[in-house]
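Colleague: here is the input, now give the coordinates:
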Amino acid sequence: MNTNSHITYTNGVIGGLVGGVLFGGLMTLMGIVPMIAMMVGSESMVVGWIVHLLISAATGALFVTVFGTKVISYQTAILYGAGYGVIWWVLGALIIMPVILGMGVQFSSMFDMMRMMSLMGHVVFGVVLAVVAYKMG
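Modeller: Numbering: from 1, shown residues only. Coordinates of the predicted model:
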């Protein structure tokens, strides 16, 4: 067990990419990847994946900045990772992406099935990110 965790930005980026690939698979099944591409003026699946993985890498590095010193065990990685996923669900899926796409903030529909699946995906992303970053640290 790594009780003196030294999680680097590289660990966070790699964790973010691993989590992003898993989450991206779910988003592909849900048909959401072209919506991600729309944030940069495209509807291409490839562009959507590129944007998604860039966001995943950046949020992985940010995770290390905010929570890296707090992640000292697999338990804390899971806890902080899940919380981080919820934070990004609110910021990304309910606020940032809908606003960029001209849909406005999406709090009124936050408990519909699509949003709940998005929440699950974001939580899985956060947990995978944190566990991978911790394991590498």
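Colleague: quick one: low-confidence parts of the chain?
Modeller: 1-5 (pLDDT under 70).
Colleague: mind running it again at 50?
Modeller: Applying pLDDT under 50 to the chain picks out residues 1-4.
Colleague: buried residues, whichever strand or helix holds Leu17. List them.
Modeller: Here Leu17 sits within helix 9-30, counting by DSSP states H and E. Using 16 or more other Cβ atoms under 10 Å as the test for burial, helix 9-30 gives 9, 11-20, 22-24, 26-27. Every C-beta, even on glycine, is put in place using the N, C-alpha and C of the backbone.
Colleague: closest one of those to Ile72?
Modeller: Asn11 (13.9 Å; Cβ to Cβ).
Colleague: got the contact list for that closest one?
Modeller: Residues counted as contacts of Asn11 (Cβ atoms under 8 Å, 6 or more residues apart in numbering) are 64, 132-134, 136-137.
Colleague: what is the nearest of the residues you listed to Gly48?
Modeller: Val132 (22.6 Å).
Colleague: phi, psi of that closest one?
Modeller: phi -60, psi -50 (degrees, to the nearest 10).
Colleague: roughly how far apart are it and Val105?
Modeller: 31 Å (Cβ to Cβ, to the nearest Å).
Colleague: which of the two has more neighbours?
Modeller: Val132 (22 against 12; other Cβ atoms under 10 Å).
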